[in-house]
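Participant: With the sequence up front, the predicted model follows.
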Amino acid sequence: MSNEIDTKKLMRQLVGALSFFGIWTLLFGINWHWTVALMAALYVHETGHAIVAKSRGVQNAGMYFHPFGMVVMLKGNIKPQDSPAISLAGPVFGMLPAMVAFIAFIWTGKDTLAGFAIVATIINLFNLLPLNPLDGGRVTHALLGSLSPYASKYFAAACLLGCLVLSYYAGPVFLLLAYFGWVEYRQASQLLKLNQTRLDVIRDFAAVYHVEATASAVIAARKQHEQNPAEIDRLSLEFATEIEWHDLRVVFGNDAEELDSFLRKEPPPQLSLGRAGLWLAVYGATVLSLAYFAFMLSRFVPIQTAFAMMRY
Ligand SMILES: [Zn+2]
């Protein structure tokens, strides 16, 4: 059984790596040495995510290349308080190959090495943009969650509009970023709606069946949904009595199990404002360090030259 799964995984990894290699060398016309070097850089980046995730109790279900990059599949939900560290680990670890290349450049004076350091740095910097599914987007998502459940949605809308405007002036890469903004906006809206729907179910339940279980349901709902605390407070005061899961099961029939697990699930604690501020500072410092490193490198080899090197 496990052998079968491992073979599947291996095949998927092989196909992923080949698809990346094929598209970058044949379609994008990137020199195969460069393609291999970029794959190594991406591998180190994703390993960074996996190592820090593991240290936070999140297991890695496999790392796969796809035609445009690489992903690490993490098992289970990442708690908001672990998300910034796991997300930033990629770009931070991802700078190791860039540093090694830079040191080798100082040693040997070969421009290609400085070129590689620049390209690797810019890839990591791109990943730090504050848009899902990029690493920076996951950081900002966790940080905004500590402010309000609506913050992510409005931030995504602002990014979407900003990128659309920028795409007009600064090229189609911003269209891709606008798309990321749109995906994030939709996800944030769906999450809000989902929470709202679940809360509505419990409210209807409270209105129709005046059973004590409703009290615990509302209290659990209050833990789950921090938005609109005044309304939830009012409900929980009205129904504050002992837990009677049995009543819920009777009334909800087949759906009871699902409702049960939903209500029993501990809400993931959001980042406190203090911690969010701290991570915002770390995020900002990471972006500035990488930007400075890229700027410093560009005095040895201009950025455009570095990217042009990939083709021959
Ligand atoms: Zn990453």
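Facilitator: That came through fine. Numbers count the residues shown, from 1 in each chain.
Participant: Can you report how many residues lie near A158?
Facilitator: 12 (other CB atoms under 10 Å). The C-beta positions use only the backbone N, C-alpha and C, and glycine is treated the same way.
Participant: and it, what element?
Facilitator: Using DSSP states H and E, A158 sits within helix 151-170.
Participant: What residues of that helix count as buried?
Facilitator: 151-153, 155-157, 159-160, 163-164, 167 (16 or more other CB atoms under 10 Å).
Participant: ditto for stretch 28-39
Facilitator: Here stretch 28-39 shows 30, 34-35, 37-39 as buried, counting by 16+ other CB under 10 Å.
Participant: What mean pLDDT does that stretch get?
Facilitator: Regarding stretch 28-39, the rounded mean pLDDT is 92.
Participant: Please apply the same query to stretch 182-189.
Facilitator: Per-residue scores along stretch 182-189 average to 81.
Participant: re earlier: show residues contacting the helix holding A158.
Facilitator: 130-132, 140-141, 144-145, 173-175, 177-178, 180-182, 184-185, 188-189, 192 (CB atoms under 8 Å, 6 or more residues apart in numbering).
Participant: Drop anything exposed from those residues.
Facilitator: 130-132, 140-141, 144-145, 174, 177-178, 180-182, 184-185, 188, 192.
Participant: returning to what we had before: could you tell me which of the contacts of helix 151-170 are located in strands?
Facilitator: Among the contacts of helix 151-170, DSSP state E puts none in strands.
Participant: Can you list phi and psi of H66 for me?
Facilitator: The phi/psi pair for H66 (degrees, to the nearest 10) reads phi -130, psi 170.
Participant: Neighbours of it, how many?
Facilitator: Counted with other CB under 10 Å, residues neighbouring H66 total 13.
Participant: and it, how far is that from L74?
Facilitator: 16 Å (CB to CB, to the nearest Å).
Participant: And L113, by the same measure?
Facilitator: Distance, L113 to L74, by CB to CB: 33 Å.
Participant: More neighbours: the two, which one.
Facilitator: L113 (21 against 18).
Participant: just checking, that one touches P97?
Facilitator: No: assessed by CB atoms under 8 Å, L113 is found out of contact with P97, at 10.7 Å.
Participant: intersection of neighbour lists for the two?
Facilitator: Common neighbours of L113 and P97 are not found (criterion: CB under 8 Å, 6+ apart).
Participant: and the residue nearest the centre of the chain, what element?
Facilitator: By CA atoms, centre = their mean, the chain has its centre lying nearest to R138, at 3.4 Å. Taking DSSP H and E as the criterion, R138 maps to helix 135-145.
Participant: can you tell me the average pLDDT over that helix?
Facilitator: Helix 135-145 carries an average pLDDT of 88.
Participant: what residue ranges in the stretch 1-150 of the chain score low on pLDDT?
Facilitator: Applying pLDDT under 70 to the stretch 1-150 of the chain flags the ranges 1-5, 76-77, 149.
Participant: Would you mind listing what in it touches the ion?
Facilitator: By CB under 5 Å from the ion, the residues of the stretch 1-150 of the chain that approach the ion are 90, 135.
Participant: Among the buried ones among the contacts of helix 151-170, which ones are in helices?
Facilitator: Among those, the residues falling in helices (DSSP state H) are 140-141, 144-145, 174, 177-178, 180-182, 184-185, 188, 192.
Participant: Which of these lies at the shortest distance from A17?
Facilitator: When these are compared for distance to A17 (CB to CB), F180 comes out closest, at 24.5 Å.
Participant: The residue lying closest to K110 once chain neighbours are set aside and L125, how far apart?
Facilitator: Excluding its sequence neighbours, the residue lying closest to K110 (CB to CB, 6 or more residues apart in numbering) is A104, at 7.5 Å. In this structure, A104 and L125 are 21 Å apart, going by CB to CB.
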